[in-house]
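Asker: when you get a sec, could you give me coordinates for this:
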Amino acid sequence: MRTLLTMQSLPLLLLLLQPLPLQVLMQGKYLGLSDHLAEELEDYIDELYSTGPTKPPTKEIFQKHVIIPPRVPLYYEYDCSFEMRYRNVHDRFYCRKEHFFLPVTYEELQKTCSSKFVACKNGVKRCHKTEKIIEGLHCKLTSGIRMSGCYYETVYKKGYALITCQWQDDIGEIIPEKVNDILEISGKQ
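Answerer: Numbering: from 1, shown residues only. Now for the predicted structure:
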């Protein structure tokens with residue numbers, strides 16, 4: 001038999017049984033994280049679930065997501081599916097349609113940001129072309145929608161990299177933002 005008291009207290013009881021909000025859990029004592037790690041996790045969660053634009057690119061993110069150590073031979077040692085998961089490359093846990101890995105130094109790509117504009121692969125004239133021919137990996141999504149179910153075809157390319165650049169206020173310099181394409185060379189140069 002239900003009484004007036006039990007019918008009114010059921011919604012209150014359900015409210016009390018809800019899990020603690022993430023902000024409460026983020027206060028180091030619940031997860032046992034250092035203040036620095038808790039702040040990084042909170043920023044990551046905020047960006048992941050926000051509906052606005054993503055955080056601007058940083059030098060560290062570009063290095064982590066694009067630069068790979070130069071090794072020989074490049075095309076035998078890397079698998080895009082593994083590298084994308086290992087380096088945590090995604091767009092809010094959705095698979096990227098394509099991505100590039102380059103075995104060059106960050107400084108070399110940053111110098112490219114000072115070169116004149118050239119057309120990107122979509123025709124918009126806001127890319128910069130590397131001075132030297134470089135090797136790289138082009139990762140093309142073959143199946144999957146969300147991480148970690150993303151699978152990529154690994155394509156070895158050799159040519160000029162097209163990159164976009166952006167000003168980063170906190171360090172006061174222009175930085176590479178994204179690799180747009182690798183223009184494969186034809187014939188001997």
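
Asker: where do the helices sit along the chain?
Answerer: 4-16, 22-25, 35-49, 59-66, 74-77, 80-86, 106-112 (DSSP state H).

Asker: worst average pLDDT in those?
Answerer: Among the helices of the chain, helix 22-25 carries the lowest mean pLDDT, a mean of 49.

Asker: not counting its neighbours along the chain, what's nearest the residue minimising distance to the centre of the chain?
Answerer: The centroid of the chain falls nearest to Val89 when counting by C-alpha atoms, centre = their mean (4.1 Å). Beyond its immediate neighbours in the sequence, the residue positioned closest to Val89 (C-beta to C-beta, 6 or more residues apart in numbering) is His65, lying 5.1 Å away. (Each C-beta comes from the backbone N, C-alpha and C, glycine too.)

Asker: now that neighbour: how far from Gly172?
Answerer: Distance check for His65 against Gly172: by C-beta to C-beta, to the nearest Å, it reads 22 Å.

Asker: the two: which is more packed in?
Answerer: Using other C-beta atoms under 10 Å as the criterion, His65 and Gly172 rank with His65 on top: 20 against 7.

Asker: list the contacts of the more buried one.
Answerer: In this structure, His65 makes contact with Arg87, Val89, His99, judged by C-beta atoms under 8 Å, 6 or more residues apart in numbering.

Asker: ok, longest strand in this protein?
Answerer: strand 151-168 (DSSP state E).

Asker: how does this protein divide into domains?
Answerer: Per the record, the chain has its domains at 21-55, 62-189, by automatic domain parsing.

Asker: any idea which of the ones you listed is most buried?
Answerer: Highest mean neighbour count among those (mean count of other C-beta atoms under 10 Å): domain 62-189, with a mean of 16.

Asker: for the closest residue to Thr58 other than its chain neighbours, name its beta-bridge partners.
Answerer: Distances taken as C-beta to C-beta, 6+ apart put Gln168 closest to Thr58, at 6.4 Å, once the chain neighbours are dropped. Under DSSP bridges, the beta-bridge partners of Gln168 are Glu173.

Asker: OK, contacts around Gln168?
Answerer: Pro56, Pro57, Thr58, Lys59, Ile174, Ile175.

Asker: how close does it sit to Cys113?
Answerer: The gap separating Gln168 from Cys113 is 11 Å, by C-beta to C-beta.
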